[in-house]
Each structure stands twice: as structure tokens, then as C-alpha cells.
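S.K.: my questions are about this predicted structure, shown below with the sequence.
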Amino acid sequence: MPIAEHDARQHPQSDLSEEWRRFRRAYGEHRAIEGRRFSDDELLSLPFLSTGPLQREWSVRARTFQKFVRRVLEPRADAVEPRPLRVLDLGAGNGWLCYRVQLRGHLAVALDVRTDAVDGLAAAHSYRPHIPRMFGRVAASFEDVPLVSDAFDIVVFNAAIHYALSLDVAIREAARVTKSTGRIAILDSPFYARSESGEAMVVEKRRSSPTHFGERAKDLLGLPFIEYLTRDRLADASHPLGLRWRRHRVSYPLWYEMRSVRASVGRRRPPSRFDLWEATVP
């Protein structure tokens, strides 16, 4: 499938299981409650959101994106010039990263299982007047990417790989659609030094879900997502493909970096890190 303008409504994912359909509906409703239905001005500013209740969260994501641009996007652009990069954004949501990529003159495709207008693929329409060519949008899962092999210079899991049902399959599909010597990058997914810390997070999440998610808790927790990563977990899934991962540590705002200190003082589990991870496809 060539990189072109794909309308998310043309890819309804009619073969989704009932659990997936319930999750999509509940997730969109929950995101709306969280205030993630951005105005056009806010959407165009992402990830550099300067106001509102989500500004603090996006200040972390902005740092990761800047590191991604410096360490992955710009070096690959230099390597393939004069042609533009081809970038696949997995878990693209409203497509903000694709918008930023195309502002730089490259080509992007946004893939997400959600097509709602809260912050799913349908929200991307606001970008159309601001870029010469609208980026592609495809509704699909990480485990079944409906795109041709060896098509992309960079494949990005954008705050999303922890929603994979199978880490092995998700990584294999990402590698399949990436060109040889291309890059796979993981942005803003929770990594823990030890799996015990990740499992403790999952227990805490499920314990607090009735309060946090309300009546949507069952639907939001009904699918067996992997939830978190460790270096070993990622290496085990990647080894058969010959992928070796490198972490680019991101310098986050002080309040974020102090989380580990507060957790230690309070004798709580260590918090996750949301750094940039990069692998080269053989």
C-alpha cells in the first residue's frame, strides 16, 4: 500500500473482537472526560502545549519528541536525502507527530485502532489546511499492520507499545514494514528496571480502576495489554529479529525527575521512565 491519503473511515476494522470494540468506545469516552478533545489551536501546538490541565503531562512528551528529532529523525533525514523520509506512527492518536513530521517536508502515515474524533484518527482533520499534503491514516492494530513490507525509514511507537497484546508480534510487524538500516523508535511508554515494579504498577492500576475509570473500568481493562516494558522484556521479543536497542535518556522537568526520590522516601515502588529507545533494522 503506497503512502497516500488514507481516510480512517475507509478502514473500519470490522473484524475487531467485541472486546476491542468496547475498549475503543470506552477509551474515547474516558479521554473526552480527561479533556483530550483539543481545540484546533491546541492541536496545532502539540506536543508544546503551553496552557491547560494537561500542560504538565505534555511538557514531558515534548522533551521526548525533541530528543527523537535530534537523535533519530534528523540523522535519518541526512542519510536518505535528497528524498523525504517515510515515517509510520504507530498509536498515532490524533496524528500530532505525523503533522510535525510533514511540517519538516517528510511523508507520514498515522496508524491507530481508534477512529473517534476525541483524540483518535478522525481528530486529524484539523491539520489538513496547515500542511501541503495530508498524511495517511490507517485504522489497524500493531499486530496486523495492513501496509507493505520495507516501506518506512522510521517506525515509531508513539506512547503506545504498552497497548500491544503481543510484544513479539508488534515488534515483528514494525520490523517488517521498516527498510533495512531503518529505525524503530519507542517514545513515552513506561519502562521499569525490574519486572516486579511493572507488575506492582499493574496491580495498583486495577485496584484503583473503579475510582479512576468508573463504569468503564471493565471495558478498559478487558484486553490483556502488555502494560509496561523492561530492557529484558524488549530484548527477548527483539532477539529473533536481530534488533538491539539503545536508550537515549531524556532530561525531563525537575518535578518528573524527582519522582524516584519521592518514591524512595515514601517506600513506594520505583516509578517508570519514559525515555527514547531506538533500534536499527538489519
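M.R.: Everything's here; your move. All values reported here derive from a predicted model rather than from experimental measurement.
S.K.: now the host helix or strand of Arg21: mean pLDDT?
M.R.: Assigned by DSSP states H and E, Arg21 falls within helix 18-33. Averaged across helix 18-33, the pLDDT comes to 94.
S.K.: packing partners for the helix or strand just after it?
M.R.: The C-terminal neighbour of helix 18-33 among helices and strands, as given by DSSP H and E, is helix 40-45. Packing contacts for helix 40-45, counted by 3 or more CB pairs under 8 Å, 6 or more residues apart in numbering; DSSP states H and E, involve no helix or strand. All C-beta spots, glycine's among them, are computed from the backbone N, C-alpha and C.
S.K.: can I get helix 40-45 in PDB? Just the C-alpha atoms.
M.R.: As requested, the backbone C-alpha atoms of helix 40-45 are provided in PDB (Å, rounded to 0.1, in the frame of the first residue of the first chain):
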ATOM      1  CA  ASP A  40      -7.700  23.400  16.700                       C
ATOM      2  CA  ASP A  41      -5.100  25.800  18.200                       C
ATOM      3  CA  GLU A  42      -4.200  23.300  20.900                       C
ATOM      4  CA  LEU A  43      -3.900  20.500  18.400                       C
ATOM      5  CA  LEU A  44      -1.600  22.500  16.300                       C
ATOM      6  CA  SER A  45       0.600  23.300  19.300                       C
END
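S.K.: buried residues, that helix. List them.
M.R.: For helix 40-45, the buried set under the neighbour-count rule, 16 or more other CB atoms under 10 Å, comprises Glu42, Leu43, Leu44, Ser45.
S.K.: again, but for stretch 49-61
M.R.: Buried, per 16+ other CB under 10 Å, within stretch 49-61: Leu49, Leu54, Trp58, Ser59, Val60, Arg61.
S.K.: and what of stretch 173-187?
M.R.: Taking 16+ other CB under 10 Å as the neighbour-count basis, stretch 173-187 is seen to contain the buried residues 173-179, 182-187.
S.K.: just the CA coordinates for it, please, in CSV.
M.R.: Taking C-alpha atoms only, stretch 173-187 is exported to CSV below (Å, rounded to 0.1, in the frame of the first residue of the first chain):
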residue,chain,number,x,y,z
GLU,A,173,5.3,-6.2,12.4
ALA,A,174,7.2,-3.0,13.0
ALA,A,175,10.4,-4.5,11.7
ARG,A,176,8.6,-6.0,8.7
VAL,A,177,7.5,-2.6,7.4
THR,A,178,10.8,-0.9,8.2
LYS,A,179,13.5,-0.6,5.5
SER,A,180,16.9,-2.3,6.1
THR,A,181,19.1,0.1,8.2
GLY,A,182,15.9,2.0,9.1
ARG,A,183,15.0,2.7,12.7
ILE,A,184,12.3,1.6,15.1
ALA,A,185,11.7,4.0,18.0
ILE,A,186,9.7,3.8,21.2
LEU,A,187,8.5,7.0,22.7
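S.K.: run through who's touching that stretch.
M.R.: With CB atoms under 8 Å, 6 or more residues apart in numbering as the contact definition, stretch 173-187 has outside contacts at 61, 64-65, 68, 72, 76, 79, 88, 90, 142-145, 147-159, 161, 171, 229, 234, 241, 243, 274, 276-282.
S.K.: mind showing which ranges of the stretch 51-200 of the chain have poor pLDDT?
M.R.: When the per-residue scores of the stretch 51-200 of the chain are filtered using pLDDT under 70, no range remains.
S.K.: quick one, strands of it?
M.R.: In chain order, the stretch 51-200 of the chain shows strands spanning 86-90, 107-112, 136-139, 152-158, 178-187, with DSSP state E, counting those that start in this stretch as the criterion.
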